[in-house]
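Asks: Dropping a prediction and its sequence here:
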Amino acid sequence: MSVVRRPARESVLIALAPGVVAVLGLAVNLVSFAVAAAGLAVVGFGTDRASRSLVTAGSGLIFAGVLNAGARGAPPAVLLLVTAATVVTWTTAEQVVGLADHLGRDAPVQRAILVHLGGATLTTLVAGGIALGVFLFSTATLTPGVLVFLLVGSALLLYALEP
């Protein structure tokens, strides 16, 4: 009997849940929404096919929607929420692909994925909340251009941390 090295549909849906939050949060303008929706479709396809490169490319597209929203003056709280959702989508989809690669489609991994999703969500929301608090209590005003550079820096940091 051979092991199917692709995730179960339920695992893919769990990984996409935070991405739906990101896409809906980027409905602040049509371009951001469209780019993020296309990215979520690529993440879904990549996760279903157990392709880390497609998961990363799709997450990058969602993040491009975040950058577009930031450049167009979206509120900082919205940007932090959708950035956190994008990060959680990426890391959870990577977890799903890794579990499928190691254990196969029939392994009972939903609990492990949900624990990973919860931990990643909590961690990113706490970090985002701290960042938002610092932003709101700072005396300096950040222009949309500065926010875009901060988001690009976050993306580069995530790229450096990728396994």
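Replies: Everything's here; your move.

Asks: what's the offset of stretch 21-30 from the middle of its chain?
Replies: Relative to the chain's own centre, stretch 21-30 is displaced by 13 Å; criterion: C-alpha atoms, centre = their mean, to the nearest Å.

Asks: My error: substitute stretch 68-75 in the last question.
Replies: The mean C-alpha position of stretch 68-75 is separated from the chain mean by 17 Å, C-alpha atoms, centre = their mean.

Asks: buried sites along it?
Replies: 68-71, 74 (16 or more other C-beta atoms under 10 Å). Where you see a C-beta, it was placed from the backbone N, CA and C, and this is true even at glycine.

Asks: Geometric centre of the protein: which residue is closest?
Replies: residue 86 (1.9 Å; C-alpha atoms, centre = their mean).

Asks: list the helices and strands the helix or strand harbouring it packs on?
Replies: Of the helices and strands defined by DSSP states H and E, residue 86 is found in helix 76-103. Here helix 76-103 touches helix 9-25, helix 30-48, helix 52-71, helix 110-137, helix 144-161, going by 3 or more C-beta pairs under 8 Å, 6 or more residues apart in numbering; DSSP states H and E.

Asks: Show me what counts as buried in it.
Replies: Buried-residue list, helix 76-103, by 16+ other C-beta under 10 Å: 76, 78-100.

Asks: where does the chain have low pLDDT?
Replies: 1, 3, 139-142, 146, 157-163 (pLDDT under 70).

Asks: just checking, residue 96 touches residue 11?
Replies: Yes - look at residue 96 against residue 11 with C-beta atoms under 8 Å: they come within range, at 4.7 Å.

Asks: shared neighbours, the two?
Replies: Common contacts of residue 96 and residue 11 (C-beta atoms under 8 Å, 6 or more residues apart in numbering): 47, 109, 113.

Asks: Which among these count as buried?
Replies: 47, 109, 113.
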